[in-house]
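In: Following is a predicted model, sequence given first.
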There are 2 protein chains.
Amino acid sequence: MFNQLGVIGCGLMGGSFALALKRAGLVKRVIGYSKSPSTTEKARQLGVIDQSAESALLAVSGSDIVLIAVPVAATEATFKAIRHLVEPGVLFMDVGSTKRDVVDAARRVLKERVPSFVPAHPIAGKEVAGIAHADAALYSGRQVILTPLPQTSPELVQKATDCWAAIGAQVLRMTPENHDAAFAAVSHLPHLLAFAYFNSVAHQPAGRDFLSLAGPGFRDFTRIAASDPTVWRDILMSNREEILKQTLRFRHALDAMEHVMKSGNAEALEDLIRKASEARGGWHMGAGKTNR
Amino acid sequence: MFNQLGVIGCGLMGGSFALALKRAGLVKRVIGYSKSPSTTEKARQLGVIDQSAESALLAVSGSDIVLIAVPVAATEATFKAIRHLVEPGVLFMDVGSTKRDVVDAARRVLKERVPSFVPAHPIAGKEVAGIAHADAALYSGRQVILTPLPQTSPELVQKATDCWAAIGAQVLRMTPENHDAAFAAVSHLPHLLAFAYFNSVAHQPAGRDFLSLAGPGFRDFTRIAASDPTVWRDILMSNREEILKQTLRFRHALDAMEHVMKSGNAEALEDLIRKASEARGGWHMGAGKTNR
């Protein structure tokens, strides 16, 4: 049980965390800060936060749990704004989709205060952003990856684990490096492909007509192409090294399929499709028990 | 109102059409044929068809509407098997996802009987195949593209239009060439990319671990990768010319994104993402009024 949750960044992720903790009776009050005062005010009007803070530092003051839910590229500036109030025993977490950059920024800025920071990545989201879409159930049944540093306080890692578990999430631990390699493959690359695909279809002479004919397969395949541009700019930039490795693998797989199509080898094409189809047929979300 | 529907190929598409016509009271009886007798028998036991036919020709005999719902590559052989009973006034349709090859086969095999054939492509499906998944509502609210030839009977085109409309579909007409170009872009390419992507992720050293961490974005993006291998082998092979044109466009769009990532141009990357995100945000399924 916490006395006060400080939310820095009252968007979909931060707002949903506040609602989930309230619903689970895990927090007495929530104080929130957003860069835009109108967003903070909206969060208050919606009852997601109880009180508006005028700065990130004021959202930390008096809080025993703090969630930093800003775009990945703004994490370092946030650490700088709050570092004087990063104290032992207070649990600080982020929700960033990349972890090496966040951990590096935490080391650089927080220095001897870094043990209070437990890097977290909840694998949840919607293709719509903003506080208006905040949802107490967003993290329920989802996985949350913690990537603690060697010096991170074990007590705070445990508190973080208990807190996410109490709102229905399954908690895994990984190194930041393994995290970023894995999510380049299963999240960042699909987003990159969906953005590129949508642009390639939309920006051709008959693009508008083509799009009017698209069906449910297209709808699902491109859902993530509607994701937030600033959030994804930051993710693709910050994890580009791992993503470009995955792009190369993808290009090889695409080459292989194009090659058998061009050479008219229907049997080999069917084999490649069957491999994908059977593997996808046997895949189920959230089957992860990885602990690395 | 039809007296007898003959279904050649008692799978998801054929079975769903039979159920839809029955539910709408558009047909008195349904006779079905499948290459595998056990499939035909299962369709009969499930009440999707009323009677089993021992050959494609026998499914046509006595029918005033015939749906050919076999894999695209089997269409020509089916035309050959039934051509002696392709008579004026009887409505013959297919459900193939490609149309130039089907129309060419119809011209070659049916010759002077070709006016009875109305090429059709209902934009509906599931990633699961087979008669057990047949669903009377599969075509409801979906688009159906008809690609009649110059010599196709206008009366039968009208009958086909009325029939699909009566089971809740929106009917559009296009040339086979425009159809194949459009569906290469909005359906065939996404499938190709989803197959290639799934293979690239699954077949790397840490693939299994990576897959265990994938979330809802991955789930939707890869749903179509579970599609039927023989169906998609035929589609990708038969429309490969148009698909390879689209692959080239896609590669250019991917190149553009990788280029700005590599050069560290975050602003240009955000622009590309924003274009995709806004276009996808403004897209709605089934907004098509194309009539070409």
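Out: Nice, I can see it.
In: So which residues of the stretch 1-150 of chain A form strands?
Out: If you assign secondary structure with DSSP state E, counting those that start in this stretch, the strands in the stretch 1-150 of chain A sit at A:2-8, A:27-33, A:51-52, A:65-68, A:91-94, A:117-118, A:120-122, A:143-146.
In: Tell me how far the fifth one lies from the chain's centre.
Out: The chain centre lies 14 Å from the centre of strand A:91-94; the measure is C-alpha atoms, centre = their mean, to the nearest Å.
In: now do the last one
Out: Distance of strand A:143-146 from its chain centroid, counting by C-alpha atoms, centre = their mean, is 10 Å.
In: which other helices and strands contact the helix or strand following it?
Out: The first helix or strand that comes after strand A:143-146 along the chain, using DSSP states H and E, is helix A:154-166. Contact analysis of helix A:154-166 by 3 or more C-beta pairs under 8 Å, 6 or more residues apart in numbering or on different chains; DSSP states H and E lists strand A:91-94, strand A:117-118, strand A:120-122, strand A:143-146, strand A:170-173 as its packing neighbours. Any C-beta I mention is one placed from the backbone N, CA and C, and that applies to glycine too.
In: what's the closest of the ones you listed to B:H121?
Out: Checking these against B:H121 by C-beta to C-beta gives strand A:143-146 as the closest, at 39.3 Å.
In: Dump the helices and strands packed on helix A:154-166 into CSV; add distance to A:F195 as well.
Out: Below are the helices and strands packed on helix A:154-166 laid out as CSV (distance: least, C-beta to C-beta, whole Å):
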stretch, distance to A:F195
strand A:91-94, 24
strand A:117-118, 31
strand A:120-122, 21
strand A:143-146, 24
strand A:170-173, 27
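In: ok, A:S61 to A:S55 distance?
Out: With distances taken as C-beta to C-beta, to the nearest Å, A:S61 is found 9 Å from A:S55.
In: Touching both of the two, which residues are there?
Out: Residues touching both A:S61 and A:S55 (C-beta atoms under 8 Å, 6 or more residues apart in numbering or on different chains): none.
In: For chain B, find the nearest of the strands of the stretch 1-150 of chain A.
Out: Of all the strands of the stretch 1-150 of chain A, strand A:143-146 sits nearest to chain B, with 6.7 Å by C-beta to the nearest C-beta.
In: what mean pLDDT does that closest one have?
Out: Here the mean pLDDT over strand A:143-146 is 96, rounded to a whole number.
In: I'd assumed A:A74 was in contact with A:S238.
Out: No: between A:S238 and A:A74 no contact is recorded; they are 11.5 Å apart, counting by C-beta atoms under 8 Å.
In: Let me have the helices and strands packed on helix A:154-166 in TSV, extended by mean neighbour count.
Out: Below are the helices and strands packed on helix A:154-166 laid out as TSV (neighbours: other C-beta atoms under 10 Å in any protein chain shown):
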stretch	mean neighbour count
strand A:91-94	26
strand A:117-118	26
strand A:120-122	26
strand A:143-146	23
strand A:170-173	18
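In: related to what we said a few turns ago, between A:S238 and A:A74, point out the one with more neighbours.
Out: Per other C-beta atoms under 10 Å in any protein chain shown, whichever of A:S238 and A:A74 has more neighbours is A:S238, with 25 against 18.
In: buried stuff in stretch A:199-218?
Out: Residues of stretch A:199-218 classed as buried: A:199-202, A:204, A:207, A:209-218 (neighbour count, 16 or more other C-beta atoms under 10 Å in any protein chain shown).
In: contacts with chain B among these, please.
Out: A:199-202, A:204, A:207, A:209-218 (C-beta under 8 Å from any C-beta of the partner chain).
In: hang on, the earlier thing: export the strands of the stretch 1-150 of chain A as JSON lines, with columns for distance to B:F92.
Out: What follows is the strands of the stretch 1-150 of chain A, written out as JSON lines (distance: least, C-beta to C-beta, whole Å):
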{"stretch": "strand A:2-8", "distance to B:F92": "63"}
{"stretch": "strand A:27-33", "distance to B:F92": "64"}
{"stretch": "strand A:51-52", "distance to B:F92": "68"}
{"stretch": "strand A:65-68", "distance to B:F92": "62"}
{"stretch": "strand A:91-94", "distance to B:F92": "61"}
{"stretch": "strand A:117-118", "distance to B:F92": "66"}
{"stretch": "strand A:120-122", "distance to B:F92": "54"}
{"stretch": "strand A:143-146", "distance to B:F92": "51"}
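In: can I assume A:H252 is in contact with B:N199?
Out: No: in this structure A:H252 lies outside contact range of B:N199 using C-beta under 8 Å: 9.4 Å.
In: got a list of contacts for stretch A:189-200?
Out: Outside of stretch A:189-200, the residues within contact range by C-beta under 8 Å, 6+ apart are A:221-225, A:227, A:232, A:235-236, A:243, A:246-247, A:250, B:189-190, B:193, B:197, B:201, B:217-218, B:221-222, B:246, B:249-250, B:252-254, B:256-257, B:272-273, B:275-277, B:279-280.
In: Now list the buried members of these.
Out: A:221-225, A:227, A:232, A:235-236, A:243, A:246-247, A:250, B:189-190, B:193, B:197, B:201, B:217-218, B:221-222, B:246, B:249-250, B:253-254, B:256-257, B:272-273, B:275-277, B:279-280.
In: Thank you kindly, that will do.
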